[in-house]
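> predicted model and sequence below, questions to follow.
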Amino acid sequence: MTVFEFGKCKVDFRSFEITGVDGETYSLSQREIKLLKLLIDRKGEVVSRDTILSTVWGYNVFPSTRTIDNYILAFRKYFEKDPKEPEHFLSVRSVGYRFVA
C-alpha cells in the first residue's frame, strides 16, 4: 500500500507526504512515516509501546516513551478535527496506541 485515505486525510508512504484534516499538505520524517504505517497496518489493534519502540526505533536506540507520545500528539494535530478528543489515534492507558479509521 503506497497511499492510505481516511476521512478527508491522506497518507502517501512513498513521498512521505500527508494531507491533514485541514486540507493542507505536510512532509513527514522517515520515522514519522514508519510509525504511521505501523499503526495503519495494524488498524483496530492496540500496538504496545514496546512494539513501537522496537519496530520504529530499533533495539539499539532507546528513546523515552514520551517521544512516542509527542509523535502521536503531532498526528492528532494533523489528522483530528479536535486533537483533545481524538477519533483516529487513541491512547490505551499503560499499553500503547490504537488507530481507528
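Perfect, I can see it now.
> strands along the chain, start to end?
3-6, 9-12, 17-19, 25-27, 46-48, 89-92, 96-99 (DSSP state E).
> just those: most buried one?
strand 96-99 (a mean of 21; mean count of other C-beta atoms under 10 Å). Yep, even glycine has a C-beta here, placed from its N, CA and C like the rest.
> once you drop chain neighbours, what's closest to the residue positioned nearest the centre of the chain?
Centrality entry for the chain: nearest residue to the mean C-alpha point is Leu36, 3.6 Å, by C-alpha atoms, centre = their mean. Beyond its immediate neighbours in the sequence, the residue positioned closest to Leu36 (C-beta to C-beta, 6 or more residues apart in numbering) is Val11, lying 5.9 Å away.
> so in terms of bridging, what pairs with the one you found?
Under the criterion DSSP bridges, Val11 forms beta bridges with Phe4, Ile18.
> any idea of the pLDDT on the residue nearest to the centre of the chain?
The model reports Leu36 with a pLDDT of 96.
> now do the same contact list for it.
Val11, Phe13, Ile18, Leu28, Phe75 (C-beta atoms under 8 Å, 6 or more residues apart in numbering).
> correct me, but the last one touches Phe89?
So that's Phe75. Yes. At 5.0 Å, Phe75 counts as touching Phe89 under the criterion of C-beta atoms under 8 Å.
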